[in-house]
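Asker: Sharing a model that was predicted from the sequence below.
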Amino acid sequence: MITPLNPAPMWRAWLIWSVAVAAYILSVMNRTSLAAVGVDAAHRFDADASTLSMFAVLQLAVYGAMQLPVGLLLDRMGTRPIIVTGMAIMAAGQLVMALSPNVGIAIGARMLIGAGDAAIFPSVLRVVATWFPAQRGSLMVQLTGIVGLTGQLLAIAPLAELLHATTWEVTFASVAGLCVLFAILLLLVVRNRPPSMTVDVSVNTHTGAIRVVTSAVDTSVGVRAALAHPGTRLAFWSHFTTPFAGTAFIMLWGIPFLTAGEGRTSAEAAIITTVYIVVGMVLGPVMGTLSGRIPNHRSRVLVLPTVVFQMVAWLVVIAWPGQAPLWLLFVLAVAMGTGGPASMIAFDHARTHNPSHRLSTATGITNTGGFIAGLVAIFLIGAALDLQGAGTPATYSLQAFRIAFLTQVPLWLVGAFFIVFERKRTRILLGMDEPRHPRPARR
């Protein structure tokens, strides 16, 4: 235990966090920048639905694969070099996207964007851990996530308007230039730790004690130990099941479905997707508070009802005769908006059921659930459109989209089954439920 002699002033902590979280907003905009211009991308690269899906699938795959390497590099090098490098990589990806002559290079550009994006959010979390008191950590992480969602708003309407007012090259080169400016700003403002500290720490202002922020390398032993606890598996399946519908919708297929399928104008589509984002921002603190108050009933009261709400909303929209009314599409947006906040409950499970030395491993396992489900959903929707001969903007149809979005149902059902299964095993392990005893054989 170490007592800091000269703690950093809080204004500097807030300044560094503000610049870092602004970079996170930009990274979220980069991540979802294809959402509002998916139809334009299909026209530009003459891409069918499966190929268009690969833009998002490979981007998410790279993002997920980079999580552990980024964490290890953060432990070794600190926040500033990693967050600056991530922003520079995203700038390169958007510049390549602006100049891409064919679909192969464009997909490579999206993979670059995924690699750069992977460095930003963990870097902001490290800023929180090293510059803010430990008791504020939960609130600051929640606040970071809520503020970051505004990046999706920037990607929906402003980016599409810029594209339609200028050209593809100008739009994505402009985003690349913005990333370069932010890389410079991050280099100038962000510091790895308060100047009085020789290592990265989290400060407790009540006691004056600090905790060194570092993590052990996640070995195969740690992975096996984390997976051996049903609480970790419950966390994985909770994160797998709740956010993928919203991910597929906001990253690629939402705008084409609303405009080419449901016949809505671009403005109406933008409003509907905005509702999805705002609901997530509003419900985040609510779900977080409820999760803390009912830790033994999170899955039954919060997670599973969210899954059912999303699935029922989608099935009603799919089964509606003709184009769905605007009010029903807003209900769908609200249903999908619950998925993001509910998915954060998965990290409560991971934190609750794992010791601190294994928390980063359990968190990484949990985080992969949402990425796997998201990329599978995006790919299945695209493949289903292609199989129906409706893989290009000229052939999109409402009926084809309805059948394509039905591919989400098996993911919900499989995920819900394992949530129930692992919840029961977790409660038995904790002594909260009695194990089932086999019935005695009849004689």
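Answerer: Great, that's in hand. The structure presented is a predicted model; accordingly, all values stated were derived computationally and were not measured. Numbers count the residues shown, from 1 in each chain.
Asker: who does the helix or strand in which residue 153 is found touch, helix- and strand-wise?
Answerer: Element membership of residue 153, judged by DSSP states H and E, is helix 150-156. Applying 3 or more C-beta pairs under 8 Å, 6 or more residues apart in numbering; DSSP states H and E, we find helix 150-156 packed against helix 10-31, helix 266-293. C-betas here are computed from N, CA, C, even on glycine.
Asker: highest average neighbour count across those?
Answerer: Burial of those is given as mean neighbour count (mean count of other C-beta atoms under 10 Å); helix 10-31 ranks first at a mean of 21.
Asker: re earlier: for the record, mean pLDDT for the helix holding residue 153?
Answerer: The average of the pLDDT scores along helix 150-156 is 82.
Asker: before we move on, what about stretch 58-76?
Answerer: Averaged across stretch 58-76, pLDDT comes to 81.
Asker: next one: stretch 343-358
Answerer: The pLDDT scores in stretch 343-358 average 74.
Asker: what does it contact?
Answerer: Applying C-beta atoms under 8 Å, 6 or more residues apart in numbering, the contact partners of stretch 343-358 are 145, 216, 222, 225-226, 229-232, 234-236, 238-239, 242-243, 284, 287-288, 291-292, 295, 298-299, 302-303, 359, 361-363, 365-366, 369-370, 426.
Asker: List only buried entries from the residues you listed.
Answerer: 145, 222, 225-226, 229-232, 234-236, 238-239, 242-243, 284, 287-288, 291, 298-299, 302-303, 359, 361-363, 365-366, 369-370, 426 (16 or more other C-beta atoms under 10 Å).
Asker: Can you tell me the SS state at the closest residue to residue 407 other than its chain neighbours?
Answerer: Sequence neighbours aside, residue 380 is the residue nearest to residue 407 in space, at 3.9 Å (criterion: C-beta to C-beta, 6 or more residues apart in numbering). Three-state call for residue 380 (DSSP: H, G, I helix; E, B strand; the rest coil): helix.
Asker: Identify the residues contacting residue 380.
Answerer: So residue 380 contacts 404, 407, 408 (C-beta under 8 Å, 6+ apart).
Asker: a markdown table for the residues you listed, including neighbour count, distance to residue 45 and secondary structure?
Answerer: Output for the contacts of residue 380, formatted as a markdown table (neighbours: other C-beta atoms under 10 Å; distance: C-beta to C-beta, whole Å; DSSP: H, G, I helix; E, B strand; the rest coil):
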| residue | neighbour count | distance to residue 45 | secondary structure |
| --- | --- | --- | --- |
| 404 | 26 | 20 | helix |
| 407 | 17 | 24 | coil |
| 408 | 23 | 26 | helix |
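Asker: Redo these as JSON lines? Include distance to residue 65 and pLDDT.
Answerer: Output for the contacts of residue 380, formatted as JSON lines (distance: C-beta to C-beta, whole Å; pLDDT from 0 to 100):
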{"residue": "404", "distance to residue 65": "26", "pLDDT": "96"}
{"residue": "407", "distance to residue 65": "24", "pLDDT": "97"}
{"residue": "408", "distance to residue 65": "24", "pLDDT": "97"}
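Asker: can you map out the strands along this protein?
Answerer: Using DSSP state E, the strands of the chain run over 201-203, 210-212.
Asker: Out of those, point me to the one whose mean pLDDT is lowest.
Answerer: Among the strands of the chain, strand 201-203 has the lowest mean pLDDT, at a mean of 50.
Asker: ok, residue 256 - contacts?
Answerer: 38, 39, 393, 396, 401.
Asker: ok, the third one touching residue 260?
Answerer: Yes. Under the criterion of C-beta atoms under 8 Å, residue 393 is in contact with residue 260, at a separation of 6.3 Å.
Asker: shared neighbours of the two, which are they?
Answerer: Shared contacts of residue 393 and residue 260, defined by C-beta under 8 Å, 6+ apart, comprise residue 39.
Asker: Among these two, which residue is more densely surrounded?
Answerer: residue 260 (21 against 18; other C-beta atoms under 10 Å).
Asker: got the contact list for that one?
Answerer: 39, 393, 396, 397, 401.
Asker: Excluding covalently adjacent residues, which one is nearest to the first one?
Answerer: Nearest residue to residue 39 in three dimensions, chain neighbours excluded: residue 393, at 5.0 Å (C-beta to C-beta, 6+ apart).
Asker: Can you give me the distance of residue 255 to residue 396?
Answerer: Distance, residue 255 to residue 396, by C-beta to C-beta, to the nearest Å: 11 Å.
Asker: which of those two has more neighbours?
Answerer: Set residue 255 next to residue 396 and count neighbours by other C-beta under 10 Å: residue 255 wins out with 24 against 20.
Asker: Could you pull up the contacting residues of that one?
Answerer: Applying C-beta under 8 Å, 6+ apart, the residues near residue 255 are 35, 36, 38, 39, 156, 266, 269, 273.
Asker: Tell me the one of those residues nearest residue 309?
Answerer: Taking C-beta to C-beta as the measure, residue 309 sits nearest to residue 273 out of those, at 18.0 Å.
Asker: which ones are touching residue 324?
Answerer: Residue 324 neighbours (C-beta under 8 Å, 6+ apart): 262, 317, 332.
Asker: can you give me phi and psi for the first one?
Answerer: Listed backbone geometry of residue 262 is phi -90, psi -10, with angles given as degrees, to the nearest 10.
Asker: What is the burial count for the nearest residue to it once chain neighbours are set aside?
Answerer: Residue nearest to residue 262 in three dimensions, not counting chain neighbours: residue 323, with 5.2 Å by C-beta to C-beta, 6+ apart. Using other C-beta under 10 Å, residue 323 is surrounded by 14 other residues.
Asker: My guess is residue 323 contacts residue 259. True?
Answerer: No. Applying C-beta under 8 Å, one finds residue 323 not in contact with residue 259, separated by 11.5 Å.
Asker: From the structure, what's the count of residues near the closest residue to residue 404 other than its chain neighbours?
Answerer: Computed as C-beta to C-beta, 6+ apart, the closest residue to residue 404 that is not its neighbour in sequence is residue 384, at 3.8 Å. Using other C-beta under 10 Å, residue 384 is surrounded by 21 other residues.
Asker: Make residue 1 into 52 and carry on from there
Answerer: Got it, the first residue is 52 from now on, which makes the last one we talked about residue 435.
Asker: which residues touch residue 435?
Answerer: 451, 454, 455, 457, 458.
Asker: Apply 10 Å and report the result again.
Answerer: Residues in contact with residue 435 (C-beta atoms under 10 Å, 6 or more residues apart in numbering) are 100, 101, 441, 442, 451, 452, 453, 454, 455, 456, 457, 458.
Asker: Restricted to helices, list the residues you listed.
Answerer: Cross-referencing the contacts of residue 435 against helices under DSSP state H gives 100, 101, 451, 452, 453, 454, 455, 456.
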